[in-house]
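[1] Prediction below, plus the sequence it came from.
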Amino acid sequence: MATEFYQKFGRDVSVTISPRGQGIMEVFADGEKIFDKKAEGDIHPNLARVRRMNEKIAARIARAQPVAADS
């Protein structure tokens, strides 16, 4: 899953995958939770779910405002 995100977005987004034991696994993109294994029926994300996460990340990047460079 991490490889899928990195191949698609590279360094354009900060993605954190947080496995914390007891079946807890969460995925955050720039601080926003985009996946919670517990909340989604305790099911590990399949390829279709990873692609939906990719869509959320892409939409988040599209909404981002470019940072102006200091002159």
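    Received, thanks.

[2] wouldn't Phe5 be in contact with Ala58 here?
    No - applying CB atoms under 8 Å as the test, Phe5 and Ala58 come out as separate, 10.6 Å apart. Every residue, glycine included, has its C-beta placed from N, CA and C.

[3] neighbour-wise, which of these two wins?
    Between Phe5 and Ala58, counting by other CB atoms under 10 Å, Phe5 is the more crowded of the two (18 against 15).

[4] Specify the local secondary structure of Lys33.
    In the three-state summary, Lys33 is assigned as strand, counting by DSSP: H, G, I helix; E, B strand; the rest coil.

[5] Equivalent analysis for the one 10 residues further on, please.
    Taking three-state DSSP as the rule, one finds Ile43 in the coil state.

[6] can I assume it is in contact with Lys37?
    Yes - if you go by CB under 8 Å, Ile43 and Lys37 touch, sitting 6.9 Å apart.

[7] From the neighbour counts alone, determine which of these two ranks first.
    Higher neighbour count among Ile43 and Lys37: Lys37, with 16 against 9, using other CB under 10 Å.

[8] Grab the nearest non-local neighbour of the more buried one.
    On the basis of CB to CB, 6 or more residues apart in numbering, the spatially nearest residue to Lys37 that is not a chain neighbour turns out to be Met25, at 4.0 Å.
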